[in-house]
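In: I'll drop the sequence and a predicted model, then ask my questions.
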Amino acid sequence: MAEINIYETTLNHNGEQGIIDFNVLLKAFQNAGITINVFNIWDNPSLMTEVRPVEQVLLQEGVEAMPITVVGGEIWKKGAYPDYSELMMWSAKTE
């Protein structure tokens, strides 16, 4: 099963409703047994250079491109958190 990984920065956590909604959505998927990993650039900066597609986006576009969603090693979304329908579609493709 391919992984769904989201690379983010705490700069996106300004109490915005969107991030609160995403955290609720993330918890629901995890409770359903679907693993979605979230990595914060400030907690683990070296990880951002270990994942080649993420490193390329950061070098070209900077942290403004975050969050970056990677599914099965490929970037599927950047600049916004995935919504419910995207996560449903991507998690179905990973099975």
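Out: Structure's in. What do you need?

In: shaky segments in the protein?
Out: By pLDDT under 70, the weakly predicted segments of the chain are 1-2, 10-20, 93-95.

In: Strands of that one, start to end?
Out: For the chain, the strands defined by DSSP state E cover 4-8, 36-40, 68-71, 74-78.

In: By residue count, tell me the biggest helix in this protein.
Out: helix 17-31 (DSSP state H).

In: For stretch 47-60, which residues meet the burial criterion?
Out: 48, 51, 54, 57, 58 (16 or more other Cβ atoms under 10 Å). Bear in mind the C-beta positions are built from the backbone N, C-alpha and C, glycine included.

In: Return the distance of it from the chain's centre.
Out: In terms of Cα atoms, centre = their mean, to the nearest Å, the centre of stretch 47-60 is set 13 Å apart from its chain centre.

In: Ok, stretch 30-40 next?
Out: Worked out by Cα atoms, centre = their mean, stretch 30-40 lies 10 Å from the chain centre.

In: pull the CA atoms of it into CSV?
Out: Coordinates of each C-alpha in stretch 30-40 appear next as CSV, following Å, rounded to 0.1, in the frame of the first residue of the first chain:
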residue,chain,number,x,y,z
GLN,A,30,-6.8,7.4,11.0
ASN,A,31,-9.7,6.0,13.0
ALA,A,32,-10.8,4.2,9.9
GLY,A,33,-7.3,2.5,9.6
ILE,A,34,-6.0,4.7,6.8
THR,A,35,-2.5,5.9,7.6
ILE,A,36,-1.8,9.5,6.6
ASN,A,37,1.6,10.8,7.9
VAL,A,38,2.1,14.5,8.6
PHE,A,39,5.6,15.9,8.8
ASN,A,40,6.5,19.4,10.0
